[in-house]
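Student: show me how the following folds:
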Amino acid sequence: MSSGLPPRLLPWLSPEGNPCWLSTDDPDSRMSRLADDMEDEQIECGEQVWAGSRAVLADRAAGERAVRSALARTSESLGDVLRIAHSRGLRMGRESPENAAQN
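Tutor: Numbers count the residues shown, from 1 in each chain. Modelled structure (predicted):
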């Protein structure tokens, strides 16, 4: 019998750049655990990128290439963390699927 859990927004995109969803009644399924592990890795990576970006911004000698690279990595990490936040908001019933699909 289905518990009626809403689909889970996964922490990665399809090759075409579209959101990926998981429909399961088992929040401890193998795919759910894989998504949890990926989210943990993305958050940890985001923390490292954030620290590196702050270091680049604090370095007055940093050139345009370093600043642009730091901004690009920070933007990627922010996208990952926002997708995670939307996914968790959906699972808590605090987010609408339409908002999550934009990420």
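
Student: and the most centrally placed residue in the chain, helix, strand or coil?
Tutor: Nearest residue to the geometric centre of the chain (Cα atoms, centre = their mean): residue 80, 2.5 Å. Put simply, residue 80 is helix when judged by DSSP: H, G, I helix; E, B strand; the rest coil.

Student: so what pLDDT did the closest residue to it other than its chain neighbours get?
Tutor: Nearest non-adjacent residue to residue 80, counting by Cβ to Cβ, 6 or more residues apart in numbering: residue 42, 4.2 Å away. Using the backbone N, CA and C atoms, a C-beta is placed for each residue, glycine as well. Confidence at residue 42, expressed as pLDDT, is 97.

Student: element containing residue 9?
Tutor: If you go by DSSP states H and E, residue 9 is part of strand 8-13.

Student: can you give the strand pairings for the very next helix or strand once past that strand, parallel or anti for each?
Tutor: Counting by DSSP H and E, the next helix or strand C-terminal to strand 8-13 is strand 19-22. Using DSSP bridges, the strands paired with strand 19-22 in its sheet are strand 8-13 (antiparallel).

Student: helices of the protein, start to end?
Tutor: Here the chain has its helices, by DSSP state H, at 30-58, 64-91, 97-101.

Student: show me the contacts for the most far-flung residue of the chain relative to its centre.
Tutor: Ranked by distance from the centre of the chain (Cα atoms, centre = their mean), the top residue is residue 61, with 31.4 Å. The contact partners of residue 61, taken as Cβ atoms under 8 Å, 6 or more residues apart in numbering, number zero.
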